[in-house]
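Student: Can you look at this prediction? I've put the sequence above it.
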Amino acid sequence: MFVVQGGKILLIRKKRGIGAGKVNGPGGKFEPGETALQCVLREVREELRIDVTDAREMGVLNFSFTCGTIPEIRCHVFMASSFTGTPSETPEAEPFWSPVEEIPYDLMWQDDRYWLPAMLRGKRFQAFFTFEGDRMLDYSLETEEE
Ligand SMILES: COc1nc(N)nc2c1ncn2[C@H]1C[C@H](O)[C@@H](COP(=O)(O)OP(=O)(O)OP(=O)(O)O)O1
């Protein structure tokens, strides 16, 4: 989930789980029976203690890993601009606001720099990425017409 307000984007330093130590948006794994929207709203509440009120799904990321022991990940990406509550640090995440022009891509998963700029221009997208550990090997990206 990427909340954007007044030219700033709400990011987290992830403290545990997949991608611990990286900067990302809040998010996490489905619980049984959840839709993607229910999942992301719950994860944002758990990780940042806020309730997003206008989530919209913008795209899907498909990750595969060369090692064969990590299962493929299908990741639904949402954007929003309003929420209730105050973003707060939790055992899972430390929130911070970044100017949209200064997103710290070098601290994020390598795929983010390929699709996040298009999403921030309001474009929906679908992408496929192959990773070897933390290193991105290959990708394909489809976005809506500019
Ligand atoms: C492989 O590349 C990835 N790129 C990006 N941009 N994001 C990724 C990548 N791999 C995983 N993610 C995202 C997807 C989720 O938002 C988190 C993974 O969260 P995790 O499964 O660790 O979630 P937890 O917080 O542990 O969830 P539970 O609370 O359900 O255990 O990273």
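Tutor: Sure, I can see it.
Student: anything in whatever helix or strand Glu57 lives in near the ligand?
Tutor: Under DSSP states H and E, the secondary-structure element containing Glu57 is strand 56-65. Yes - Strand 56-65 is in contact with the ligand by CB under 6 Å from any ligand atom, via Phe63. C-beta here means a position set from N, CA and C on the backbone, and glycine is covered the same way.
Student: Around the ligand, pick out the residues from this structure.
Tutor: Contact residues (CB under 6 Å from any ligand atom) of the chain with the ligand: 17-19, 24, 27-29, 63, 73, 75, 92, 109, 111-112, 131.
Student: ok, now with 5 Å
Tutor: Within reach of the ligand by CB under 5 Å from any ligand atom, the chain has these residues: Gly17, Ile18, Gly19, Gly27, Gly28, Lys29, Phe63, Cys75, Trp109, Asp111, Asp112.
Student: List only buried entries from those residues.
Tutor: Gly27, Gly28, Phe63, Trp109, Asp111, Asp112 (16 or more other CB atoms under 10 Å).
Student: Would you list the phi and psi of Ser81?
Tutor: phi -130, psi -10 (degrees, to the nearest 10).
Student: Check the gap between it and the ligand for me.
Tutor: Using CB to the nearest ligand atom, to the nearest Å, Ser81 is found at 19 Å from the ligand.
Student: Surely that residue touches Gly6?
Tutor: No - shown here, Ser81 and Gly6 do not form a contact pair, counting by CB atoms under 8 Å, at 9.0 Å.
Student: Mind checking which of the two has more residues around it?
Tutor: Ser81 (14 against 8; other CB atoms under 10 Å).
Student: Now do the same contact list for that one.
Tutor: Contact analysis of Ser81 by CB atoms under 8 Å, 6 or more residues apart in numbering lists Val3, Val4, Gln5, Asp54.
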